[in-house]
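K.L.:
prediction below, plus the sequence it came from.
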Amino acid sequence: MRESGGVRPGRVLGGIAAHAVLATGAVVMLAPFAWMLLTSIRPPEEVFGAVFDPIPSRFAGLENYGQALGASNLPRAMLNGVIVCCGILAVQLLTAIPAAYALARLRFRGREPLFGLVLFGLCIPIQVPALPLYIALADLRLLDTYFALMMPFFLTVFGLFLFRQSFRTYPEEILQAARLDGMSEFEIVWRLATPAALPAIAAFSVFSVVAHWNDLYWPLIVVTSSERATPALGILAFRDAETGGNYGALMAAAALITGPMIAGFLLARRAFVRGITMTGVR
Amino acid sequence: MSAHSPQARMEARWGAMFAAPALLLILTILLAPVAVLIALSVTDYRLGAIAVRLVGLDNYAAMLADPVFQRSLRNTLLYVAFVLPAAVFGGLGIALLVHARIRTRTVYEVIYFLPVTSTLVAMATVWQFMLHPALGPVTPLALSLGFGRIDLLNDPDLALATLALIGIWQLIGFNMVLFLAGLSAIPRELYEAAALDGARYGADRFLRVTWPMLGPTTMFVTVTSTVTAFKVFDTVVVLTRGGPLGSTETLLYILYLEGFQYFRMGYAAAMTVVLLVFLAGLSILQARVIEPRVHYA
């Protein structure tokens, strides 16, 4: 039996201690974001000032963000990020959804080996096929194109795996009824099964967009011109060009690059957390 | 039963049609490259070279004898050793504390998860600025705490550990969310039963119920954290480029340099094969040892 009276003071103290630990950790977690935002509105003379005051003396956000957007390749890099993320996601969904449905619900020759390949693919990161793909793209004179940026990610074994799981739970009776009604499998996939799998598709979409907006390895390899820079390359180039050290503008640039991901996270928290951690629950 | 045969034919036809595009992608983006990679690893191919020679296992032998490779392997393992315990047990600790909160739980969840969703390259430039010995806020903080003036990213003894701290900062919220999911899946009755058995205190309940029930989650978090830490790349490119004095050269960074800066494709392919074997080993470990014990609702 529990002694309900005696535990109370301990509980309260424990709660305070827990908050103290969590709040201290939270300060560390938030510090870079706070520093980024504060510096992005700080006038240049203060960044190099001898006196250390975290709060800016005057609001210099307009000039810093203006410089980040105007005197750099950043808008182009962000536009490229949107193009690449959308292109990758579109092909991923168009190829993975029907194939996952087939893997989950249709009996056809080669289904088991195909699923075996999907499981194999789950443990292969981009670094493994990168060399041969790079050589092939170089031979085809396709380096430094949108196609080169997107192509390795058209295949999503993770999406195939995830959507297959999702389609397996779709009720068999509805499938049979739809077939009796004369619906083709094509219609069943896109008009019945896909809407029912929307939570999984939304979470996957978040995962895909975040991964490719933030990706550095592959863009660093295939992109050589600033016209094809992705967000990660854009901030890197801006940093390297700012040798004089206009940190206000650099922090504004960092905020602009990471801002869309953070805004998306704050607006669609559940889908984001599910999307990013789903990789963990495969 | 008579409907079986037409249905089977229908399924075979649509199944093949639906699977064809994905199969084509698997062949061109996964299988063919892996085959070419293994073939490349026994050649001396360089990008643009006209003549290619078979060199057998020379690349592998050269790699094992290469001090740069050895150093990068040592740095990578050291980095993993720094990151892994903090990211796993830190993630668990935060999850336990956050799980017990009621009104403030969401706030803490959001704060700790923020670094996971942010763009690491952008945040690494912020860290670089924060750690700047003259301009960043870390130096005055260190001075006020009695430390000397230190330049963390330019000190060969401290640079790798500094990258590891940033790695932990990025990873800990990810692990927290996985542990929170594991904690929510533990049935309340188990705690009640443990209380009846005399487990009155937090530590007792943790050792008797929480820790054993979180076993599969912990194993899983350990494997994914190992893979993530092993693949450290972005912070190296942004912050140190392998320096100072090669103290932050890691496997993926060396691989990137050999393959895509020096274009020694054969040698880089051999390094990639080693990476592939390591990752496949971890996946098999996960599938054989961990998955069978995990039950997903």
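P.N.:
On my side now, so go ahead. Numbering: from 1, shown residues only, chains lettered A, B, ... in the order given.
K.L.:
nearest residue to the middle of the chain?
P.N.:
Looking at chain A here, since you left the chain open. A:V210 (0.8 Å; Cα atoms, centre = their mean).
K.L.:
that answer is for a different chain, and I need it for chain B
P.N.:
Chain B, centroid-nearest residue using Cα atoms, centre = their mean: B:T228 at 0.6 Å.
K.L.:
identify the residues contacting A:A232.
P.N.:
A:A232 makes contact with A:213-216, A:219-220, A:257, B:119, B:121-122, B:234 under the criterion Cβ atoms under 8 Å, 6 or more residues apart in numbering or on different chains. No exception for glycine: its C-beta is placed from N, CA and C like everyone else's.
K.L.:
neighbour count, secondary structure and distance to A:A197 added to those, as JSON lines?
P.N.:
Putting the contacts of A:A232 into JSON lines (neighbours: other Cβ atoms under 10 Å in any protein chain shown; DSSP: H, G, I helix; E, B strand; the rest coil; distance: Cβ to Cβ, whole Å) gives the following:
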{"residue": "A:W213", "neighbour count": "22", "secondary structure": "helix", "distance to A:A197": "23"}
{"residue": "A:N214", "neighbour count": "22", "secondary structure": "helix", "distance to A:A197": "25"}
{"residue": "A:D215", "neighbour count": "25", "secondary structure": "coil", "distance to A:A197": "25"}
{"residue": "A:L216", "neighbour count": "23", "secondary structure": "coil", "distance to A:A197": "31"}
{"residue": "A:P219", "neighbour count": "24", "secondary structure": "helix", "distance to A:A197": "30"}
{"residue": "A:L220", "neighbour count": "18", "secondary structure": "helix", "distance to A:A197": "34"}
{"residue": "A:I257", "neighbour count": "29", "secondary structure": "helix", "distance to A:A197": "31"}
{"residue": "B:T119", "neighbour count": "25", "secondary structure": "coil", "distance to A:A197": "29"}
{"residue": "B:V121", "neighbour count": "27", "secondary structure": "helix", "distance to A:A197": "32"}
{"residue": "B:A122", "neighbour count": "29", "secondary structure": "helix", "distance to A:A197": "33"}
{"residue": "B:D234", "neighbour count": "26", "secondary structure": "helix", "distance to A:A197": "32"}
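K.L.:
and B:I38, how many neighbours does it have?
P.N.:
15 (other Cβ atoms under 10 Å in any protein chain shown).
K.L.:
same question for B:P6.
P.N.:
9.
K.L.:
quick one, grab the pLDDT at the residue nearest to B:N59 when sequence neighbours are not counted.
P.N.:
Closest residue to B:N59 apart from its sequence neighbours, by Cβ to Cβ, 6 or more residues apart in numbering or on different chains: B:A270 at 3.7 Å. Per-residue confidence (pLDDT) for B:A270: 95.
K.L.:
before we move on, what SS does the residue in chain A that chain B sits nearest to have?
P.N.:
Using Cβ to the nearest Cβ, the closest approach of chain A to chain B is made by A:F108 at 2.7 Å. Recorded secondary structure, A:F108: coil (DSSP: H, G, I helix; E, B strand; the rest coil).
K.L.:
who are the neighbours in contact with it?
P.N.:
A:102, B:11-16, B:19.
K.L.:
what parts of the stretch 51-200 of chain B come near chain A?
P.N.:
Residues of the stretch 51-200 of chain B lying close to chain A by Cβ under 8 Å from any Cβ of the partner chain are B:94, B:97-98, B:100-101, B:104, B:108-123, B:125-130, B:135, B:137, B:140, B:169, B:173-174, B:177-178, B:181, B:195, B:200.
K.L.:
quick revisit: and the contacts of A:F108, which are buried?
P.N.:
A:102, B:11, B:14-16, B:19 (16 or more other Cβ atoms under 10 Å in any protein chain shown).
K.L.:
show me the shaky parts of chain B.
P.N.:
B:1-4, B:289-297 (pLDDT under 70).
K.L.:
cool, and chain A?
P.N.:
Judged by pLDDT under 70, the stretches of chain A that qualify are A:1-8, A:49-53, A:242-245, A:277-282.
K.L.:
swap the cut-off to 80 and go again
P.N.:
Along chain A, segments meeting pLDDT under 80 span A:1-11, A:14, A:44-57, A:71, A:242-245, A:272, A:274-282.
K.L.:
how about the nearest residue to B:S118, chain neighbours excluded?
P.N.:
With Cβ to Cβ, 6+ apart, the residue lying closest to B:S118 is A:T258, at 4.5 Å.
K.L.:
can you pull the contacts of that neighbour?
P.N.:
B:118-119, B:122-123.
K.L.:
what is the nearest of these to A:T145?
P.N.:
Closest approach between the contacts of A:T258 and A:T145, by Cβ to Cβ: B:T119, at 22.8 Å.
K.L.:
that closest one against A:L236, yeah?
P.N.:
No - applying Cβ atoms under 8 Å as the test, B:T119 and A:L236 come out as separate, 10.8 Å apart.
K.L.:
now the helices for the stretch 101-250 of chain B?
P.N.:
Secondary structure of the stretch 101-250 of chain B (DSSP state H, counting those that start in this stretch): helices located at B:105-117, B:120-130, B:138-144, B:159-184, B:188-196, B:202-205, B:211-213, B:215-230, B:234-235.
K.L.:
pull out the buried positions in the second one.
P.N.:
In terms of neighbour count (16+ other Cβ under 10 Å), helix B:120-130 has its buried residues at B:120-130.
K.L.:
re earlier: in helices, which of the contacts of A:F108 fall?
P.N.:
Residues from those lying in helices, with DSSP state H as the criterion: A:102, B:11-16, B:19.
K.L.:
which of those sits closest to A:A71?
P.N.:
The closest of the ones in helices among the contacts of A:F108, once distances to A:A71 are taken by Cβ to Cβ, is B:A19, at 49.7 Å.
K.L.:
was I right about the closest one contacting A:E112?
P.N.:
No - using Cβ under 8 Å, B:A19 is not in contact with A:E112; the gap is 11.7 Å.
K.L.:
neighbours of B:T162, how many?
P.N.:
22.
K.L.:
residues contacting it?
P.N.:
B:131, B:152-153, B:239.
K.L.:
got a PyMOL select line for the buried ones in these?
P.N.:
For the buried members of the contacts of B:T162, the matching PyMOL selection, counting by 16+ other Cβ under 10 Å, is:
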select buried, chain B and resi 131+152+153+239
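K.L.:
send the alpha carbons of the helix or strand where A:I221 lies over as CSV?
P.N.:
Secondary structure assignment for A:I221, by DSSP states H and E: helix A:217-222. Only the C-alpha atoms of helix A:217-222 are listed here, as CSV (Å, rounded to 0.1, in the frame of the first residue of the first chain):
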residue,chain,number,x,y,z
TYR,A,217,27.4,15.2,-48.6
TRP,A,218,25.8,14.6,-52.0
PRO,A,219,25.4,18.3,-53.1
LEU,A,220,29.0,19.0,-52.1
ILE,A,221,30.0,16.2,-54.5
VAL,A,222,27.9,17.0,-57.6
